[in-house]
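Visitor: need coordinates for the following:
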Amino acid sequence: MSLEERIDRIEQVIEKQNSGIQDLIRVSRIFLEQQERVAAQITGLRDAHSDLREIQKRDHEEWAAGMKELREAQADTDERLNILIATVDRIIRSWGNGGKSEE
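Guide: From the prediction side, this is the model:
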């Protein structure tokens, strides 16, 4: 193999290596761009998750307050029903005694 053939062959190998390096650089750029996009999406999801947790917290607090009001209203209703039952019971017992009060 002559010196020129060897130089030509070396130049071809160098060109192939340069082409491979350029391809690797392109792939690296694409990878980095995709990694940045994924990082941005993760940040967006994290923010959305945080917002959702805040909404859930507020909804739970509103639900808990509503349940407290409902329990208080139910207790008031129970008390009034007990008073009504006692009153009706007294009236019925007084009718059973010929209209005389047991008091």
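Visitor: report pLDDT for L81.
Guide: Listed pLDDT for L81 reads 97.
Visitor: could you do W95 as well?
Guide: On the pLDDT scale, W95 is placed at 88.
Visitor: what strand or helix carries it?
Guide: helix 3-96 (DSSP states H and E).
Visitor: low-scoring stretches of the chain, by residue?
Guide: Along the chain, segments meeting pLDDT under 70 span 98-103.
Visitor: residue nearest the middle of the chain, spatially speaking?
Guide: Residue closest to the mean C-alpha point of the chain, counted by Cα atoms, centre = their mean, is L52 at 4.6 Å.
Visitor: and that one, how close does it get to I42?
Guide: From L52 across to I42, the span is 15 Å (Cβ to Cβ, to the nearest Å). Heads up, the C-betas are built off the backbone N, CA and C, glycines and all.
Visitor: now do I25
Guide: 26 Å.
Visitor: go on, A48?
Guide: Distance from A48 to I42, counting by Cβ to Cβ: 11 Å.
Visitor: so what sits against both of those two?
Guide: Any residue near both A48 and I42 by Cβ atoms under 8 Å, 6 or more residues apart in numbering counts here, and not one turns up.
Visitor: for the helix holding W95, what is the distance to the chain centroid?
Guide: 3 Å (Cα atoms, centre = their mean, to the nearest Å).
Visitor: tell me which other helices or strands that helix touches.
Guide: Judged by 3 or more Cβ pairs under 8 Å, 6 or more residues apart in numbering; DSSP states H and E, helix 3-96 has no packing partners among the helices and strands.
Visitor: switch to numbering from 18
Guide: Sure, I'll start counting at 18 from here, so that last one is helix 20-113.
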